[in-house]
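Participant: below are the sequence and a predicted model for it; my questions follow.
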Amino acid sequence: MSKRNLLLTLICIVLSFSFLSACGGGGSSSNTTEPPATTTEPPKDTKEAEAKSAEKTDEKPVELIWYMIGTPQKDTDKVFEELSKYTKEKINATVKMKLLDWGEYDQKMPVIAASGEPFDIAFTCSWAFNYVTNARKGAFLEIGKLLDEKGAGIKEVLHPAFLEGAKVDGKLYAIPTNKELPAQDVWRFNQKFVEKYNFDISSVKSLESLEPMLKTIKEKEKGIVPLGGDKNFKPLLPFDYVDESIPIALYADGRDTKLMNILETPETMQALETMHKYYKAGYVSKDLSTINSNDYSKTGKWFTDRANTAPLADNQWSASYGYKIVSTPANDPLVYNWSVTGSMNAISATSQNPEKAMEFLNLLNTDPYVRNMVGYGIENVHYKKIGDNRIELLPALTEGYTVPGFALGNVMITYLQKDDPENKWDEYKKFNESAKNAPLLGFNFDPTPVMNEMAALKNVKEEFYPPLMTGTVDPVVNLPKAIKKFKDAGIDKVRDEMQRQFDEWRAKQ
Amino acid sequence: MKATLRFIKDLNKNKAFLWMVLPGALWFLFFSYLPILGTVIAFKQYRFHKDGFLASIINSQWVGWKNFEFLFSTEDAYIITRNTILYNFIFIVSGLVCSVLMAIILSEIVNRKLAKWYQTGMFLPHFLSWIVVSYFAFSFLSADKGALNQLLGSFGVEPIAWYSETAYWPYILVLMNLWKTIGYTSVVYLAAIIGIDKSYYEAAMIDGANKWQQIRNITIPMIKPLMIILTLLAIGRIFYSDFGLFYQVPRNSGSLFSVTNVIDTYVYRGLKVSGEIGMSTAAGLYQSFIGFILVLTSNALVRKINKDQALF
Amino acid sequence: MDNQPVYTSPPGIQQTRKRKSRDFSQLSPFWNVIANLIAGVFSILCVFPFVFVLILSFTDEDTLAMNGYRIFPEKWSIDAYSYIFNVGNQLLRSYGVTLFITVVGTLLSLVIISLYAYALSRKSFKYRGFFSFIAFFTLLFNGGLVPFYMVATQLLHIKDSIWALILPLCVNAFYILIMRTFFLTMVPDAIIESGKIDGASEFRVFRSLVLPLSLPGLATIGLFSTLGYWNDWFNALLFIENPKLVPLQAMLMRIENNMQFILQNSSMMSSAEGLEIIRNMPQDTSRMAMVILATGPIVLAYPFFQRYFVQGLTIGAVKE
């Protein structure tokens, strides 16, 4: 028996020993997981290395690893080798971009961050690798000071509301992308039918005001979906949410400061009743609450739907669909937390060279050469110039280097494409200036005290939202049921906690 | 000192065996035991630390059983636990009966060539992912364009909104599961049946046993150990469920949650945004712990009935 | 000692084949028809969706969007496959990756599992209780995703390498327990003893006496393992960034994940950009074509696998 115990102890020792060494390796693991990093990066205090590199240029350049969302492209390495030649000279750093596919980014990045694997820059936002959550958990470096030191250019180009809205508990953890700032909903119309029936779309604003048109289409056009959408469809409600996944909000016009359950408001009831009426009348697809594709836009067999807009969006929609789209605003443009944090780049807490990373982000947002190469690839390979600030995309771009432009830093220094109007970026600036701030802008809720309730509430939401919001079920019967289920899952406790944090935050403003 | 010497001698005597288990033991060390130490996360509020994973664990705050609470605290907790266990129970029983039955049928079919074709056909569903299956199901069950509603319509039956009617889904899910797994599991039983020594049957026939008696008294007893192993294996996973079957196939339809929400889908929906790894680890720990208890109990039962057929 | 050897006398597969025509163990014609009917109908039900997917892949995209999924589409088209030819290289490469990991992985896991299980099945192995427990205990807890990821990437450094697709799947405690049961029931102790008397080493005994007797067990575990490797996409999702190392199922999964993610979040993304991305996604029919191209070959190859599988079983039963 004793031998067996001995062996057991032995194994245990070996086990714990190797575990310790494994984790000891974790700290300095940059020289193990990423072989290139070992060769390029002297094991010195970063500040010291930084100072030295400024002194003598023959210092080995650092390599920055940048995780980005998007389908992996075959020319990525080629483009970044070319770019690195330039950045090596400018900031003595080379850059390597790693694209993780759309559907994987949100699954993979949290694991990479949680395991402490070193990288330098990562894309983050409100809808993938969630910015606020991960900033709170400590995945990102707090960059307020670094921005002042190394990112002066960024502060010049960004609308102040961007940096303000991107703060979590008063601290900045990522650089928002300079693009359209507010969010605005529009009703989009298939121009073909607008012309045919001579509709006056400028008279449309509310969901109810669509009714006569929907009725006409339903009666006269067989096989056309009057009001398109998918399972995420929601009637437009005038609220600003604390957390997009929980129905607690303020009125978007900021008329009071008391957070409420939106399901208990008369506006919600009215909108849901309208939707249910539309559902029964056949204005929306019977499958709306389970549809998860947007096939209707491909075929053009639809009349209207709702979408988020941006300047000149009508043109882009029309070009993309191959038939004419017109739109009319459904609400006023407002700057929300989620629209400000819609696309950002953060520096990892595990980065060995945060200064270099910030210098690169500075270039990305201010240097047109860097920004355009990152976005469009190499000149005369992926695109060719057809004007001073205007380019034509070459087939090699579609084949080998299609990256999500809105995620790669300041879009307003990118080249115009062939069909873009000359004033494109001015329109963007105008749009950004025109916007008002939503009441909750800058307030970020910390869900830690109510984690269990949040998990339960998200389930309740997924259970009740699609059928209710698409009008599939009768709100008179089902809304009270939903409200009760939300209450059972602890929505009042969450609301109180939100209110407490919100009041605290307001007091500090 | 003497003990150590004896120990070394023992090691030497068992050298060959120790070499045999070495690769497997190393694998367990790396892929099971080292990660197992990480389950402490289930009792922590995990926060990142810039010095890597271990530092993160050490610096995270202890929260006791708090990460487990969301699995028990609401009314839904009862529903998801009930659904998970009931569905798995039905899956285990129906799967066992149907695949053994199918294996016996396949082994008895006179035309061997045909039998092989059947068997190949049955295997196909295993290669289709649940997402593809869900397209297929949707083409039948869609309220607007679905084949089933068109068929019902031609008989004058009102169209049914399949994706919001809870009544049908327990049957749909059980049938879908059978459809996808029978081919796979029946192959395993078929293998065991083919492996049975034919002389048993010859002896039985000499004694005048008919086909049914042969199946009951030879085939079934001979594949019983395999049935027990596979069933125990399934029992161990009774708190887990096939995510695709319960999430993709009902198209995540909210109206169906009362009959389609299981522990895995609940955890996924609850944590997909916040990504609290403490809570998801807690859920995994809970699932495997219950599975372990159930395997131990059922194995003890098997052992009581027949010692040789127990798993361990 | 108390194990009853199951195979005592040479079974008569060959013999039965010879006198097939008047084999009195056959089903009566009536029951044979019933059996054929049950198996036939069920296998048609199983094949049908596959045929359906095949039809969809040849359906015209617009027709599909308009009419929904139909068994007899109004308009046929081969456009879907033209999309595939653009990514054709990727597809071919993914085939290679999947084939490689399936073959190497299955062999590796058979070796490790059978060695481990054999040692556990031998009563003369002093530490077998301990090592049984080591294997069995892993069924109790799994460590969770993040620690697992950390060990694999920062200790074993298998991130973005083919080993990340092979190693994590190659051992499974349940397979070891199944295999041990096979060894205990199928290999009579007497045979092992006789081998030892002849002076053969443990490894020799294992290779030349035990393995040939355990082919049914090996075939079963091998099949499990093959399918496990063939269908695995999770490890690729976790560890693989290099597009050259993406296996087939992961490629399909990626496309599906992308579709779902983008449609869920398109309203959050900058609107025009979001649309552009959706437009660049493969269309429904192309996805179906992918499914066909990705599963077709294994489906066609399966009958051959199956033959060897069944052969392996019967040989195992014949040899003594």
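Facilitator: Sure, I can see it.
Participant: chain center to the worst-scoring helix or strand of chain B on mean pLDDT, what's the gap?
Facilitator: Every helix and strand in chain B was compared by mean pLDDT, DSSP states H and E; the lowest is helix B:130-141, with a mean of 82. Mean-position distance between helix B:130-141 and its chain equals 22 Å (Cα atoms, centre = their mean, to the nearest Å).
Participant: residues of that helix that come out buried?
Facilitator: Neighbour counts over helix B:130-141 (16 or more other Cβ atoms under 10 Å in any protein chain shown) mark B:130-141 as buried. Using the backbone N, CA and C atoms, a C-beta is placed for each residue, glycine as well.
Participant: before we move on, what about stretch C:155-175?
Facilitator: For stretch C:155-175, by 16+ other Cβ under 10 Å, it's C:155-160, C:162-175.
Participant: in helices, which of those fall?
Facilitator: With DSSP state H as the criterion, helices contain C:163-166, C:173-175 from among those.
Participant: which of those sits closest to C:L139?
Facilitator: Nearest to C:L139 out of these is C:A173 (Cβ to Cβ; 5.2 Å).
Participant: for the chain, which spans come out with low pLDDT?
Facilitator: Since no chain was named, I'll use chain A. A:1-58, A:294 (pLDDT under 70).
Participant: oops, wrong one, chain C.
Facilitator: C:1-25, C:86-88, C:140-141, C:266-276, C:278-281, C:283, C:305-320.
Participant: tell me the centre residue of it?
Facilitator: Centroid-nearest residue in chain C, with Cα atoms, centre = their mean: C:L227, separated by 0.3 Å.
Participant: what sits closest to that one if chain neighbours are left out?
Facilitator: B:H126 (7.0 Å; Cβ to Cβ, 6 or more residues apart in numbering or on different chains).
Participant: count the neighbours of that neighbour for me.
Facilitator: If you count neighbours by other Cβ atoms under 10 Å in any protein chain shown, B:H126 ends up with 21.
Participant: now the one 3 residues further on
Facilitator: Per other Cβ under 10 Å, the neighbour tally for B:S129 reads 18.
Participant: how close does it sit to C:N231?
Facilitator: According to Cβ to Cβ, to the nearest Å, B:S129 and C:N231 sit 8 Å apart.
Participant: again with A:M213
Facilitator: Applying Cβ to Cβ to A:M213 and C:N231 gives a distance of 49 Å.
Participant: who's more crowded, those two?
Facilitator: A:M213 (24 against 17).
Participant: tell me which helix or strand C:E241 sits in.
Facilitator: Counting by DSSP states H and E, no helix or strand carries C:E241.
Participant: ok, it - contacts?
Facilitator: A:72, A:98, A:100, C:159-160 (Cβ atoms under 8 Å, 6 or more residues apart in numbering or on different chains).
Participant: what is the nearest of those to chain B?
Facilitator: Nearest to chain B out of the contacts of C:E241 is C:K159 (Cβ to the nearest Cβ; 14.1 Å).
Participant: once you drop chain neighbours, what's closest to that closest one?
Facilitator: Nearest non-adjacent residue to C:K159 (Cβ to Cβ, 6+ apart): C:T153, at 4.2 Å.
Participant: can you check A:W317 too?
Facilitator: In space, and not counting its chain neighbours, A:W317 is closest to A:I325: 4.1 Å by Cβ to Cβ, 6+ apart.
Participant: next, work out how far apart that neighbour and chain C are.
Facilitator: 10 Å (Cβ to the nearest Cβ, to the nearest Å).
Participant: got a list of what that residue touches?
Facilitator: A:188-191, A:314, A:317-318.
Participant: quick one on the thing from earlier: which one of the buried residues of helix B:130-141 sits closest to chain C?
Facilitator: B:S139 (3.3 Å).
Participant: surely that closest one and C:V53 touch.
Facilitator: No: applying Cβ atoms under 8 Å as the test, B:S139 and C:V53 come out as separate, 10.2 Å apart.
Participant: tell me if stretch C:64-78 is near chain A.
Facilitator: Yes: for stretch C:64-78, a contact with chain A is found by Cβ under 8 Å from any Cβ of the partner chain, at C:64-66.
Participant: ok, and the most crowded of the residues you listed?
Facilitator: C:L64 (24 neighbours).
Participant: that one against C:S286, yeah?
Facilitator: No: using Cβ under 8 Å, C:L64 is not in contact with C:S286, being 10.8 Å away.
Participant: next, show the common contact partners of those two.
Facilitator: Joint contacts of C:L64 and C:S286 (Cβ under 8 Å, 6+ apart) do not exist.
Participant: filter the buried residues of helix B:130-141 by proximity to chain C?
Facilitator: Applying Cβ under 8 Å from any Cβ to the buried residues of helix B:130-141, those adjacent to chain C are B:131-133, B:135-136, B:138-139.
Participant: now the helices for the stretch 51-200 of chain C?
Facilitator: For the stretch 51-200 of chain C, the helices defined by DSSP state H, counting those that start in this stretch cover C:61-67, C:79-86, C:88-121, C:128-140, C:145-150, C:163-166, C:173-186, C:189-197.
Participant: buried residues in the fourth one, which are they?
Facilitator: When burial is assessed from 16+ other Cβ under 10 Å, helix C:128-140 yields the following buried residues: C:128, C:130-132, C:134-136, C:138-140.
Participant: what about it, distance to the chain center?
Facilitator: With Cα atoms, centre = their mean, you get 25 Å for helix C:128-140.
Participant: helices or strands up against it?
Facilitator: helix A:2-27, helix B:15-28, helix B:277-305, helix C:88-121, helix C:173-186 (3 or more Cβ pairs under 8 Å, 6 or more residues apart in numbering or on different chains; DSSP states H and E).
Participant: what's the neighbour count on the residue in the stretch 1-150 of chain A that chain C sits nearest to?
Facilitator: With Cβ to the nearest Cβ, the shortest gap between the stretch 1-150 of chain A and chain C falls at A:G103, namely 2.5 Å. Number of residues near A:G103 (other Cβ under 10 Å) recorded here: 23.
Participant: can you pull the phi/psi pair for it?
Facilitator: Main-chain dihedrals, A:G103, degrees, to the nearest 10: phi -70, psi -10.
Participant: which ones are touching the nearest residue to it once chain neighbours are set aside?
Facilitator: Closest residue to A:G103 apart from its sequence neighbours, by Cβ to Cβ, 6+ apart: C:N257 at 2.5 Å. Taking Cβ under 8 Å, 6+ apart, we find C:N257 in contact with A:101-104, A:107.
Participant: which stretches of chain B form strands?
Facilitator: B:44-45, B:61-62 (DSSP state E).
Participant: adding mean pLDDT, distance to A:G165 and mean neighbour count, write those strands out as a markdown table.
Facilitator: Formatted as a markdown table, the strands of chain B follow (pLDDT from 0 to 100; distance: least, Cβ to Cβ, whole Å; neighbours: other Cβ atoms under 10 Å in any protein chain shown):
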| stretch | mean pLDDT | distance to A:G165 | mean neighbour count |
| --- | --- | --- | --- |
| strand B:44-45 | 88 | 27 | 20 |
| strand B:61-62 | 89 | 29 | 10 |
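Participant: out of those strands, flag the one nearest C:D189.
Facilitator: Going by Cβ to Cβ, the one of those nearest C:D189 is strand B:44-45, 49.7 Å.
Participant: sorry, back to before: what does the least confident helix or strand of chain B contact?
Facilitator: A:290, B:125, B:128, B:145-149, B:162-163, B:172, B:176, B:180, B:242-245, B:248-249, B:251, C:49, C:52-53, C:56, C:68-70, C:256, C:288, C:291.
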